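1. need the 3D shape of this:
(4 chains)
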Amino acid sequence: MKYITTIGGKGFEIEIVDEEHILIGTQLYEVDFKSVSGQPVFSLILNGKSHEAFVYQGEEDWEVLIRGRQYQVKVEDEREKRLKTAGGGDITDGEFHLKAPMPGLVVVVMIEEGQEVKKGQVMLILESMKMQNELKSPRDGIMGRVRVKAGESVEQRQTLLSVQ
Amino acid sequence: MKYITTIGGKGFEIEIVDEEHILIGTQLYEVDFKSVSGQPVFSLILNGKSHEAFVYQGEEDWEVLIRGRQYQVKVEDEREKRLKTAGGGDITDGEFHLKAPMPGLVVVVMIEEGQEVKKGQVMLILESMKMQNELKSPRDGIMGRVRVKAGESVEQRQTLLSVQ
Amino acid sequence: MTTKKTLMFKKVLVANRGEIAVRIIRACRELGIGTVAVFSEADRHALHVRYADEAYLLGPAPSRESYLRSDKIFEVAEKSGADAIHPGYGFLAEREDFAAKCEDLGITFIGPKPSSIAAMGDKGKARATVIKAGVPVVPGTEDVGNMTDADLLRIAPSIGFPLLIKATAGGGGKGMREVKNLDEMQTLLASARREAESSFGDGNVYLEKLIEGARHIEFQILADSFGNVIHLGERECSIQRRHQKLLEESPSIFIDDELREKMGNIAVKSAQAVDYVNAGTIEFLVDKDRNFYFLEMNTRLQVEHPVTEMVTGVDIVAEQIRIARGRQLSYTQNQIKINGHSIECRINAEDPFNGFMPSTGRITHSLLPTGPGVRVDTGVYPGFEITPFYDPMIAKLIVWGETRAQAILRMRRALEEYRIVGVRTNIPFHQTLMDSHRFMGGQFDTRFVEERFSMEDVMEVRTIDTEIAAILATLVAHQQTERNANIVRRNERDTSNWKWVGRWERMHR
Amino acid sequence: MTTKKTLMFKKVLVANRGEIAVRIIRACRELGIGTVAVFSEADRHALHVRYADEAYLLGPAPSRESYLRSDKIFEVAEKSGADAIHPGYGFLAEREDFAAKCEDLGITFIGPKPSSIAAMGDKGKARATVIKAGVPVVPGTEDVGNMTDADLLRIAPSIGFPLLIKATAGGGGKGMREVKNLDEMQTLLASARREAESSFGDGNVYLEKLIEGARHIEFQILADSFGNVIHLGERECSIQRRHQKLLEESPSIFIDDELREKMGNIAVKSAQAVDYVNAGTIEFLVDKDRNFYFLEMNTRLQVEHPVTEMVTGVDIVAEQIRIARGRQLSYTQNQIKINGHSIECRINAEDPFNGFMPSTGRITHSLLPTGPGVRVDTGVYPGFEITPFYDPMIAKLIVWGETRAQAILRMRRALEEYRIVGVRTNIPFHQTLMDSHRFMGGQFDTRFVEERFSMEDVMEVRTIDTEIAAILATLVAHQQTERNANIVRRNERDTSNWKWVGRWERMHR
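-> So this is what the prediction gives:
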């Protein structure tokens, strides 16, 4: 199976040849790949080099935490990728729903419905673990529905607001 | 539910009153009993005293390892016990099968079929982990079938011999 | 006065949770003293409950309904027969009324006298007290008591800008505002008072000159009830974020023997000024020219006490207990030698790649770094659930090396070994810090992390990992695809297998 | 001669497994040196494979097909570009031919010269060498070379009974026999020779007087290639079972400063007698009257090296690497100070309640003791499988205290904290030992564990636990009964639930 894997704009063509071999471009690598004690921690010996990483599925992409650095990785199989490209251009991102990353108390809501927001703009402050945490917009957009107000307690993963 | 629990000849009458209470004899105790992270390790808070033990089923009885001491504990529910007693006396122990506690190499077999053996007598030496381990008879008896001989490799839990 | 009998206490109630409760239980156990843990409903499985001899429920998870309920704690003390209380840090540790109530009930409070807590608790009063003892303080308002906005606006220009508005009842950066000029001061005064009022129930504030490029350096002191006071050298705590310490070390690269002796003597003098008994810490700001200023005194055990233990060999908690039992200090000042270098990284459940957002969840896997020169103080273990109710600090990773360089190299090694799965941690932050040339060179102040540090700083060193990350993600994605395909195939025979898919998915969420 | 370039090696192949491989990888990492692990098929998930920069498979699980395959190891060294090899202990560590082959290939062997290994490897030759250097040895046969049974029977009465027959190529108690009188000697000679022949391929033996009530005390030495030799004080290793050390401490309660200096000097002299370079250990027997006798020299890192590290602050493995790189020792004898007391307990996967039978299986849960003064060196973690192929030692628990008493109390605390589920361990043995008055009083010799120690000795202290054990077993049994009942009820609807019963049973097997 052949995959197109992308990290920060850089693409890798990776072909799984068999259980012990992969091809990157035209380069053949010997791989020894194991999960450690049933956890999403993976040990990889690649041509003798020993690596270990925590690999898990993020909101959209795969997240790889390796030697203190975190990578967002998109993995698409070749067919899938080809179909998408043939389909023509980007799929629009649609609405983004901000969910509470943890239970907590809404301290202040800094935006209003219909307002324009920039990527990285603080939308809401949530207090949890004795800390005030700024929740930011992941992209430019227009504020959709705001479902909470200051002083309200929220549950983990409760939808707080939407960006269109 | 009422249990008769025996350790080294000493019996305890323990009644499970509800999730949070037990009766020992006529004494009521408050219990808070939890398994620790899904392991056979149990945390018990008994009238405020915090205890922790590793509890697992042994060959015949329950094994409790608490603060460096191991206890063999027989737990019988009252009805069971009464029936057994009514049935009249001890049930004979039957044949005992000695199984290999680990994979290894039989170094020497020290008994012969039909021979009399005493409790604690060394029957066989098994080499494993660079160590020679003496396997002893758990009780007095007559040797039954001896299924292995010196120089033979054995698997874990393979039956080595029987005592009648 | 507490009687001789009470001083020889046999059972200590630990009025805290987490790593510090475990730390105190360890010290008691090594001294042959019984231990009583208290816990909230969220902490039934916590390590301090598992390790203590006795454990009693206080109430629901929120601190104000459990760990802050002094009435319940005294009930437990009575029920269990505990004759001493160790408050740890935070919660009730610096509450004068709590310490006083212990005294009233004939329970030994393992800490200073209520009067010392009070004297150092009001930051304005503390300044006034140590000024009288000849201790240098940061220039600022010197009057004690309630000053009006008008007073403060009038005095401000004579202190000079930039300056800080600080809450007299303050701590943890709450009610603190930086003022650049007189124009913005009125507004900032109002908001500082509002925050102080809501945080401490006391809107009183004072002014301090803002020392730029300052380092936060503190001295550990120990004092017994016979008037002996010694210091155990300094800790450098300049690596902070939002006024929260993230890393501490001892000794400080910035302090030489002469300055250590001078500051140490001043620290001892500050403690003596409030008749201090037990362990305490004098915090100083030190400017670029090595002028130092008293900042405040923490009248309790500090989070970062282990770095001092590593370089002096003194078990500070054991010493606290000895002092509270009415014994003399085990050491004289001359016997305290600084040996090697120690660093502590606070391991917090927060995501350094996402604005240090706290992270909650069950720790499914954890591998502690061990080996030579490594110590971990923690209250968590695999299977334990990190809840949103308490401080995000889940462990302290402490190393010792013969030199600062060796300690940094050892910390790097230990951070790389430390694996925690189930919650995000700030381990990558510390790893990046250990690779930073400025940190290695000792060139930092209290603003360093916020103003001159970036997680991207040292990233180019590790570009080789990009390809590895791509391969790993691909292999895991491929494995999952294969597995799902298998499950679908198997599922055609057996519907119940869906629960296994569920398990797989839960594991990977 | 190795060239200067080789001496500045950049990548070390660690020809070992388990905790010592991890220990060496840690030292290399802290020195910025690359690491290459080798592993058998049973060790793919082992910690040394996870921690090393590179890892290569050697072969099947049995040692002779993997860790003893020097040809394969040299292949890996070439493939990976490793320019040095650290042998750890056991396996190839004391094989003269292996060290010589490294030299031939231009690979730095992190250890002594082949000639020193050879000189100390033959126990008879070693005795002769040190006798010449004026080192006292246990009275016995002084000739080197093959002695016939007739020779030995003739000499025996002049040595006196009881005496020991020992294999010249010996180690680990193999080919060793205790002889009480001349009558039984002929038979015992035959069986000792047979065992020596089968263990070492060499049936040669020699005689030594059996020192009764002796303590096993050894000195750590370090020697650089410039002729500097120092010792790091002694380790007491008298707590043994079947000639296997179980617990070591430093310093020894039996040795005062004067004797330490005397024995230390003799140890240095012994090392010098064979032109020793790198780390090594001189083992002595010390009798009740403090007479001491050279026993043998171990020409490698010892299992118990951490206790010396804890009391001296010297990182012995880092020092080994420095020496191998052709540097001078970092310390002079004057700079070595013994600070406090350290104890190491070897944690073995064996069942102390069942004749110390080795135990294998998967470690499902593990909680390491941590906190002040505690160090754990281990190669295992939760999820790791203990196989029957290698040594049963799975961890070393090391503590430091200001005094021996504090170290014992701390060890008690640490042993109580240490939880391992999945295999049996000898932790209860160590707990019992820590409670034994004879151990606390320092009244023991090498026969103590076998002859005067019982797991039941201190049991009466803990009778209160009997009732707790009864309650716990009852609660668990009750829970299981309830659960089974539920499963049976649920099962009437859904057969697939049986797999959950299976899981539960597996967990409790």
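2. against chain A, how distant is C:Thr308?
-> Remark: distance between C:Thr308 and chain A (C-beta to the nearest C-beta, to the nearest Å) = 25 Å. For the C-beta atoms, the positions are set from N, CA and C on the backbone; glycine is no exception.
3. helix/strand/coil for that residue?
-> Counting by DSSP: H, G, I helix; E, B strand; the rest coil, the backbone at C:Thr308 sits in helix.
4. ok, now which ones touch it?
-> With contact taken as C-beta atoms under 8 Å, 6 or more residues apart in numbering or on different chains, C:Thr308 is in contact with C:220, C:232-233, C:235, C:250, C:314, C:316, C:342.
5. so, low pLDDT: which residues of the stretch 401-509 of chain C?
-> C:457-464, C:486-509 (pLDDT under 70).
6. kindly apply the preceding question to chain C instead.
-> C:1-6, C:143-145, C:172, C:457-464, C:486-509.
7. repeat that with 50
-> For chain C, the stretches with pLDDT under 50 are C:1-5, C:491-509.
8. how is it divided into domains?
-> Chain C breaks down by automatic domain parsing into domains covering C:11-110, C:139-209, C:215-456, C:457-509.
9. wait, does the first one contact chain B?
-> Yes: applying C-beta under 8 Å from any C-beta of the partner chain, one finds domain C:11-110 touching chain B at C:36-37, C:44-45, C:49-57, C:79-80.
10. what's the end-to-end length of that domain?
-> 12 Å (C-alpha to C-alpha, to the nearest Å).
11. does it reach chain D?
-> Yes: legend: contact between domain C:11-110 and chain D by C-beta under 8 Å from any C-beta is shown at C:22-23, C:26-27, C:29-32, C:51.
12. what's the closest of the residues you listed to D:Thr446?
-> C:Glu30 (29.0 Å; C-beta to C-beta).
13. tell me where chain A has helices.
-> Along chain A, the stretches classed as helices by DSSP state H are A:78-87.
14. any weak-confidence spans in it?
-> A:88-92.
15. domain ranges for it?
-> A:2-86, A:96-163.
16. tell me the phi and psi of the residue in chain A positioned nearest to chain B?
-> For chain A and chain B, the shortest gap (C-beta to the nearest C-beta) falls at A:Gly38, measuring 12.2 Å. Main-chain torsions, A:Gly38, degrees, to the nearest 10: phi 70, psi 10.
17. with adjacent residues omitted, what lies nearest to it?
-> Distances taken as C-beta to C-beta, 6 or more residues apart in numbering or on different chains put D:Gly383 closest to A:Gly38, at 6.5 Å, once the chain neighbours are dropped.
18. which positions in stretch C:137-146 come out as buried?
-> Buried residues in stretch C:137-146, counted by 16 or more other C-beta atoms under 10 Å in any protein chain shown: C:137-138, C:140-141.
19. so the residue most central in space within chain C: helix, strand or coil?
-> For chain C, the residue nearest the mean C-alpha position is C:Val303 (3.4 Å; C-alpha atoms, centre = their mean). Following three-state DSSP, the label given to C:Val303 is coil.
20. wait, what's in contact with it?
-> Counting by C-beta under 8 Å, 6+ apart, C:Val303 has contacts C:20, C:89, C:245, C:346, C:393, C:396.
21. just give me the neighbour total for the second one.
-> Counted with other C-beta atoms under 10 Å in any protein chain shown, the neighbours of C:Tyr89 add up to 17.
22. measure how buried residue 107 is and give me the count.
-> Since you didn't name a chain, this refers to chain A. 16.
23. actually, chain C is the one I wanted.
-> Neighbours of C:Ile107 (other C-beta under 10 Å): 22.
24. in chain A, what residue is nearest chain D?
-> Residue nearest to chain D within chain A: A:Ser37 (2.2 Å; C-beta to the nearest C-beta).
25. so how far is D:Gly383 from the closest residue to C:Gly134 other than its chain neighbours?
-> Excluding its sequence neighbours, the residue lying closest to C:Gly134 (C-beta to C-beta, 6+ apart) is C:Lys269, at 6.9 Å. In this structure, C:Lys269 and D:Gly383 are 55 Å apart, going by C-beta to C-beta, to the nearest Å.
26. more neighbours: which of the two?
-> More crowded of C:Lys269 and D:Gly383, by other C-beta under 10 Å: D:Gly383, with 21 against 16.
27. thought C:Ile420 was touching C:Ser366?
-> Yes: the pair C:Ile420 and C:Ser366 passes the contact test of C-beta atoms under 8 Å, sitting 5.1 Å apart.
28. assumed C:Val317 was part of a strand.
-> No: with three-state DSSP as the criterion, C:Val317 is assigned helix and is not in a strand.
29. give the contact list for it.
-> Taking C-beta under 8 Å, 6+ apart, we find C:Val317 in contact with C:23-24, C:26-27, C:86, C:301, C:305.
30. try 10 Å
-> By C-beta atoms under 10 Å, 6 or more residues apart in numbering or on different chains, the contact list for C:Val317 reads C:20, C:23-28, C:30-31, C:86, C:88, C:110, C:279, C:301, C:305-306, C:309, D:371-372.
31. what's the answer for A:Ile4, then?
-> Applying C-beta under 10 Å, 6+ apart to A:Ile4 gives the contacts A:11-14, A:74-78, A:80-82, A:85, C:474.
32. who wins for neighbours among those residues?
-> C:Thr474 (28 neighbours).
33. now for that residue: which residues touch it?
-> A:1-5, A:12-16, A:22, A:24, A:55, A:62, A:73, A:75-77.
34. that one belongs to a helix, doesn't it?
-> Yes: according to three-state DSSP, C:Thr474 belongs to a helix.
35. distance check, the residue nearest to C:Leu367 when sequence neighbours are not counted against A:Arg67.
-> Leaving out its chain neighbours, the residue that sits closest to C:Leu367 by C-beta to C-beta, 6+ apart is C:Arg419, at 4.1 Å. Distance of C:Arg419 to A:Arg67, computed by C-beta to C-beta: 12 Å.
36. mutual contacts of the two, please.
-> A:Glu52.
37. between those two, which has more neighbouring residues?
-> For C:Arg419 versus A:Arg67, neighbours defined as other C-beta under 10 Å are more numerous around C:Arg419 (20 against 17).
38. that one against C:Ile347, yeah?
-> No: assessed by C-beta atoms under 10 Å, C:Arg419 is found out of contact with C:Ile347, at 11.6 Å.
39. which residues do the two both contact?
-> C:425, C:427.
40. residue 112: how many residues sit nearby?
-> The chain I'm using is chain A. Counted with other C-beta under 10 Å, residues neighbouring A:Glu112 total 8.
41. that's the other chain; I wanted chain C
-> 27.
42. sorry, back to before: ok, the contacts of C:Thr308 vs chain A, which is closest?
-> C:Ser342 (21.6 Å).
43. how many residues are close by the residue lying closest to the closest one once chain neighbours are set aside?
-> Excluding its sequence neighbours, the residue lying closest to C:Ser342 (C-beta to C-beta, 6+ apart) is C:Met310, at 3.6 Å. Counted with other C-beta under 10 Å, residues neighbouring C:Met310 total 26.
44. which residue ranges of the stretch 51-200 of chain C form strands?
-> Ranges of strands within the stretch 51-200 of chain C are C:54-59, C:84-86, C:108-109, C:163-167, C:177-179, based on DSSP state E, counting those that start in this stretch.
45. starting at the chain centroid, how far to the last one?
-> Averaged C-alpha coordinates place strand C:177-179 at 24 Å from its chain's average position (C-alpha atoms, centre = their mean, to the nearest Å).
46. that one near chain A anywhere?
-> No: Strand C:177-179 lies out of reach of chain A by C-beta under 10 Å from any C-beta of the partner chain, never closer than 15.3 Å.
47. and that strand, what does it pack against?
-> helix C:149-159, strand C:163-167, helix C:182-200 (3 or more C-beta pairs under 10 Å, 6 or more residues apart in numbering or on different chains; DSSP states H and E).
48. what lines up beside it in the sheet?
-> strand C:163-167 (antiparallel) (DSSP bridges).
49. I am finished for the moment; much appreciated.
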